[in-house]
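J.: how would this look folded up:
(2 chains)
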Protein chains: 2
Amino acid sequence: MRTARKRTGRRPGNTESRQAILTAARAKFALYGYEGASIRSIAQEAGVDTALIHHFFLSKEGLFAASIHDAIEPERMVEQVLGKRRATRGLGERLARYFMGLWEAPETRDKMRSILRSALSHDRAQKMLRDFVAVEVLGPIAGSTGKSHPEVRAALAASQLIGLALTRYIVELGPIASLDAEQVVACVAPTLQRYLVGPLPESLTEDD
Amino acid sequence: MRTARKRTGRRPGNTESRQAILTAARAKFALYGYEGASIRSIAQEAGVDTALIHHFFLSKEGLFAASIHDAIEPERMVEQVLGKRRATRGLGERLARYFMGLWEAPETRDKMRSILRSALSHDRAQKMLRDFVAVEVLGPIAGSTGKSHPEVRAALAASQLIGLALTRYIVELGPIASLDAEQVVACVAPTLQRYLVGPLPESLTEDD
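T.: Numbering: from 1, shown residues only, chains lettered A, B, ... in the order given. Model prediction:
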């Protein structure tokens, strides 16, 4: 177990409590959905007082937002996908690989599943995940290339990634669920590359 | 109102009753999900006896399967997407256009939304939709071209279409929800075309 780092305004042990709350929240969100998981039941599962949850996360919304952050680590994702040289070449492949990695690694797979299931079951959670993805992950990635219509590009990439997560990890559609992760990366990377940096339909670019 | 066509073994009015049951089922599935919608409540809403539902559809599963059929019309879909000349050129575009049409037309949009929401909320409904899509829609389309790995191709196309439906019509991700339908078709058609008839990654074709 890691010792808590000393930070202003935090007692030793706060890091562990915070992590215990996130773990409990993930379990409850996965089991009962966003709406069905109560702060009280999460506190009970984590062995803390509900006041501590409010102290750390303000509200259930704050707690769900923190769960998304905890799983996806947006700064790390954006940095790794953009790469050191900020090359547009291979951008789709790096995005596909990072995203697949989140679902393939045992320590993040449950987190991703919990988030996606919560978002599918509840409008408020859906909106939070949507805004998070747009603002903190795909927005910066699509915006890094200087190409036109970064929001449309980000949304198109999101449509392929969400569909991939659903078919492979939630619905478990046979042929796509049984491929190697690297085979899936190879299949969808050209799609993401085109959405992020390729030409968009003329009717779109005429709007400029 | 259409008059019921005369068919062997069906009393006049059966067509209307059957359609009333499907309409009621759709409303209940949309409101309460697959699990939450009871045969009794559907019968009540349709103004029929529960026995008639069992007579037409056998079970709730049968009723859900009929709802999918009623919305997607798989034979019509396969025929229109393949086209009269069975040309592989434009296949992705025709698939994108038919699929978008299901969601854009007011008379099928609610049906599609009800089906997708039910499938997202319940494993059994999910499995039915999954098998339906694989066997009755995308399987025949991907299998029509003689290309290798039709099941993988169908599943990849499914991942893009489901992701598109989710982001545009359920989550309503801003930039993709506000495009014209034809612009969306133009954006995703090349993706579907590549999945259905383009080259697959070498690692996949090596398995042959």
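J.: Contacts for the strand or helix carrying residue A:77, please.
T.: In this assignment (DSSP states H and E), residue A:77 forms part of helix A:74-82. With contacts defined as Cβ atoms under 8 Å, 6 or more residues apart in numbering or on different chains, helix A:74-82 is touched by A:91, A:94, A:95, A:98, A:132, A:136, A:137, A:140, A:141, A:144. No exception for glycine: its C-beta is placed from N, CA and C like everyone else's.
J.: which residues does the closest residue to the fifth one other than its chain neighbours contact?
T.: Meaning residue A:132. Residue nearest to residue A:132 in three dimensions, not counting chain neighbours: residue A:68, with 5.2 Å by Cβ to Cβ, 6 or more residues apart in numbering or on different chains. Counting by Cβ under 8 Å, 6+ apart, residue A:68 touches A:115, A:128, A:129, A:132.
J.: want to throw the residues you listed into a markdown table with pLDDT?
T.: Formatted as a markdown table, the contacts of residue A:68 follow (pLDDT from 0 to 100):
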| residue | pLDDT |
| --- | --- |
| A:115 | 88 |
| A:128 | 87 |
| A:129 | 86 |
| A:132 | 87 |
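J.: before we move on, back to that, tell me the one of the contacts of helix A:74-82 nearest chain B?
T.: The closest of these to chain B turns out to be residue A:132 (Cβ to the nearest Cβ; 11.7 Å).
J.: from chain A, which residue is nearest to chain B?
T.: For chain A, Cβ to the nearest Cβ, closest residue to chain B: residue A:163, 2.3 Å.
J.: For burial, what's the neighbour tally of that residue?
T.: Residue A:163 has 25 neighbours, counted by other Cβ atoms under 10 Å in any protein chain shown.
J.: shouldn't it be in contact with residue B:168?
T.: No - here residue A:163 does not reach residue B:168: they are 11.3 Å apart, not a contact under Cβ atoms under 8 Å.
J.: Below-threshold pLDDT in chain A: ranges please.
T.: Applying pLDDT under 70 to chain A flags residues A:1-12, A:206-208.
J.: what residue is smack in the middle of it?
T.: residue A:72 (4.2 Å; Cα atoms, centre = their mean).
J.: my read: that one touches residue A:103, true?
T.: No - at 11.0 Å, residue A:72 does not count as touching residue A:103 under the criterion of Cβ under 8 Å.
J.: what's the overlap in contacts for these two?
T.: Common neighbours of residue A:72 and residue A:103 (Cβ under 8 Å, 6+ apart) are residue A:112.
J.: if we can go back for a sec, now do the residue nearest to the centre of chain A against residue B:150, distance only.
T.: 34 Å (Cβ to Cβ, to the nearest Å).
J.: how about the nearest residue to residue A:180 once chain neighbours are set aside, secondary structure?
T.: Counting by Cβ to Cβ, 6+ apart, residue A:180 lies nearest to residue B:203, which is 7.2 Å off, once chain neighbours are set aside. Under DSSP: H, G, I helix; E, B strand; the rest coil, residue B:203 falls in the helix class.
J.: which ones are touching residue B:203?
T.: A:180, A:182, A:183, A:186.
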